[in-house]
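J.: sequence-free structure coming up:
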């Protein structure tokens, strides 16, 4: 009897402990999402973690006593009703966020409902693939219209009509995605039992240069065996409050997400920050934003300009954690910004609620998109108080300051956001203000300098006041080391005579070549890391100086060595020293003009970028000419032989790089093997 009482107490203790631990787990899961939230940096270079944007709110497994079976699509109305195309059960299920069953529509009529859309007056449009029809139900669930395959020859007699997704605009025009139809989205008018209005927003076929070349060079028989190059069919579609359509398409890379205007043109072309390989659905938000979800359950939120705000969610690894999905087929958003994600494999709906951080950002985005910049600043400032490095908020508040003509703050926030366009605009205005304030002094200094040069010239011609300076320059040029250091600039201006001096007159100086290479390396590093913001092409704060020095040294010495070997085989007359010095002297245009580029990078804006581009083109072109003439004249080769030598040099460098890589991989494996043996020996001997 005593043993039984003790056993009962132990069981009660474990039961209470288990219940308490489950409460803690539930609370912990409610306080922390089972996924990370990512955003993109302003320069689009990387994704970084940020505050959680959405928490898992609840999961709907059934409505009343009705469970879903392979659901394919979903629509949420403004009053919170949820319409699901329950494909496996051949019906439409209507419920609410609390899991209450509000009705069942289409039972006995529908066969495989794949797409659903509900208008403001509660008319339900259903795309039934196997029935090859579009059914329209009234709010009571009665069929009021049916639309089959369009009879218009414009549709295509050989094409089947298997609708899988549908949206309807305010005029009642249906936009339908049909399975296997690569011509685009079908537009069908409700008049006269469905008039086919044409195709809309067709995707483009693969335009890769490799495919084009293969089709050009292939024979007719080979071309017939190739896979036909048809444009992909969109996977899903939605419509926003302005009547603009959004589509998602698998395999279309940067055009995975499209925003189509009334002409069917993608206004987001080249502007979407990231894409997903297997997008499932798209939904328009309430704040000029848009959501895209992948098959695996990753949710992307963009502005209406294609700028990424958040990535969150993810694939369920078998732990059945709330907020993770297995196979997503639809996404929707209600008027409270709750996100509904339909999991086709789990037969359930995951609901996500925005955090306070996201609500602030949404309000700011909406106000900013409507041109209410001053009002948006308040919310953007609060967003930045939570996360000062949220690049989109810095970018938006910078643009807001710009509209208020506070250009200093606009430039500051543009710099923080890595927004080069905004930075350039603000810098342009600040420079104009400075010029207007100092134009008198600029003119005065310019006139003074011109007058000074004129006066000095007159005095020099009359009294020879610059004779000591010319005498000093003449004596300095007679010093051997100075003469050798000045020779690269003579080489730059007179390359043919300069090459002759290296090859025949002993003008190849290792000291001058090494100094010039060091100057090139220093200027390269300074220009790379300390240029003006608009010219920086690196992630700020990441310095790889030693790596840069190594790259310059390896390229220079491998180029010299490989060219010497190739020239030796091709009867070249240049020695290793002469070639090295000549190649180093070829860097003189860079050393001469890059300081000018560096200064211009801190002064010019994007509108004057052509000046910097022209200077770079001048440097590259001049250096290439010097390099070609060096290889030809130092080795005493003909022009045709020189071109051959250059190609062989590049090929030899590639072979050398491959050889070094193979040696590195083999040595790494040997090192790992020895390390493993050492660890095993230590373990066995107990050291």
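T.: Sure thing, it's come through. All values derive from a computational prediction rather than experimental measurement.
J.: those strands in the stretch 301-450 of the chain, which residues are they?
T.: 308-313, 328-333, 339-343, 348-354 (DSSP state E, counting those that start in this stretch).
J.: now mean pLDDT and distance to residue 171 too, for those, in CSV please.
T.: To be clear about C-beta, it is placed using only N, CA and C from the backbone, and glycine gets the same treatment. What follows is the strands of the stretch 301-450 of the chain, written out as CSV (pLDDT from 0 to 100; distance: least, C-beta to C-beta, whole Å):
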stretch, mean pLDDT, distance to residue 171
strand 308-313, 93, 31
strand 328-333, 95, 22
strand 339-343, 95, 27
strand 348-354, 94, 31
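J.: identify whichever of the ones you listed lies nearest to residue 138.
T.: strand 328-333 (21.5 Å; C-beta to C-beta).
J.: adjacent strands (with direction) for the closest one?
T.: Strand pairing for strand 328-333, determined by DSSP bridges: strand 339-343 (antiparallel).
J.: okay, now the unreliable bits of this structure?
T.: 1-31, 206-229, 686-687 (pLDDT under 70).
J.: neighbours of the nearest residue to residue 325 once chain neighbours are set aside, just the number please.
T.: On the basis of C-beta to C-beta, 6 or more residues apart in numbering, the spatially nearest residue to residue 325 that is not a chain neighbour turns out to be residue 297, at 3.0 Å. The number of residues packed near residue 297 is 22, by other C-beta atoms under 10 Å.
J.: over to residue 652?
T.: Residue 652: 17 neighbours (other C-beta under 10 Å).
J.: contacting residues around it?
T.: Residue 652 makes contacts with 562, 565-566, as judged by C-beta atoms under 8 Å, 6 or more residues apart in numbering.
J.: out of the strands of the stretch 301-450 of the chain, flag the one nearest residue 72.
T.: Among those, strand 328-333 comes nearest to residue 72, with 5.3 Å by C-beta to C-beta.
J.: check which residues of the closest one are buried.
T.: For strand 328-333, burial by neighbour count (16 or more other C-beta atoms under 10 Å) applies to 328-333.
J.: got the residues you listed as TSV, with distance to residue 130 columns?
T.: Below are those laid out as TSV (distance: C-beta to C-beta, whole Å):
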residue	distance to residue 130
328	22
329	17
330	19
331	24
332	24
333	29
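J.: now the two most distant members of those.
T.: Longest span within those, C-beta to C-beta: 329 and 333, 15.7 Å.
J.: and the residue nearest to residue 325, what does it touch?
T.: Neighbour list for residue 297: 313-316, 324-326, 328, 341, 343 [criterion: C-beta under 8 Å, 6+ apart].
J.: picking up where we left off before, among the contacts of residue 652, who's most crowded?
T.: Comparing the contacts of residue 652 by number of neighbours (other C-beta under 10 Å), residue 566 comes first, having 22 neighbours.
J.: distance of it from residue 453?
T.: 51 Å (C-beta to C-beta, to the nearest Å).
J.: tell me how many other residues surround residue 421.
T.: So residue 421, with other C-beta under 10 Å, has 12 neighbours.
J.: dump the residue contacts of the closest residue in space to it that isn't next to it in sequence.
T.: In this structure, residue 421 finds its nearest non-sequential neighbour in residue 606, 7.0 Å apart by C-beta to C-beta, 6+ apart. Counting by C-beta under 8 Å, 6+ apart, residue 606 makes contact with 420-421, 424, 534.
J.: show me which pair in those residues is furthest apart.
T.: 421 and 534 (9.5 Å).
J.: for the stretch 501-650 of the chain, what spans make up the helices?
T.: Assigned by DSSP state H, counting those that start in this stretch, the stretch 501-650 of the chain shows helices spanning 510-530, 545-569, 576-585, 588-601, 609-634, 639-685.
J.: okay, those helices in TSV with distance to residue 171 next?
T.: Compiled in TSV, these are given as follows (distance: least, C-beta to C-beta, whole Å):
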stretch	distance to residue 171
helix 510-530	56
helix 545-569	60
helix 576-585	70
helix 588-601	53
helix 609-634	45
helix 639-685	61
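J.: residue 254: which of these is closest?
T.: Smallest distance to residue 254 across the helices of the stretch 501-650 of the chain (C-beta to C-beta): 23.8 Å, for helix 609-634.
J.: which helices and strands does that closest one pack with?
T.: helix 480-493, helix 495-504, helix 576-585, helix 588-601, helix 639-685 (3 or more C-beta pairs under 8 Å, 6 or more residues apart in numbering; DSSP states H and E).
J.: run through who's touching the first one.
T.: With C-beta under 8 Å, 6+ apart as the test, helix 480-493 has contacts from 476-477, 497-499, 501-502, 507, 509, 511-512, 515-516, 582, 584-585, 588-589, 592, 622, 626.
J.: got a ChimeraX select line for the buried ones in those?
T.: Restricted to buried positions by 16+ other C-beta under 10 Å, the ChimeraX selection for the contacts of helix 480-493 reads:
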select :498,499,501,502,507,509,512,515,516,582,584,585,588,589,592,622,626
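J.: list the contacts of residue 408.
T.: For residue 408, the contacting residues are 426, 430, by C-beta under 8 Å, 6+ apart.
J.: ditto for the one 5 residues further on
T.: When contacts are counted by C-beta under 8 Å, 6+ apart, residue 413 touches 394-395, 397-398, 401, 419, 422.
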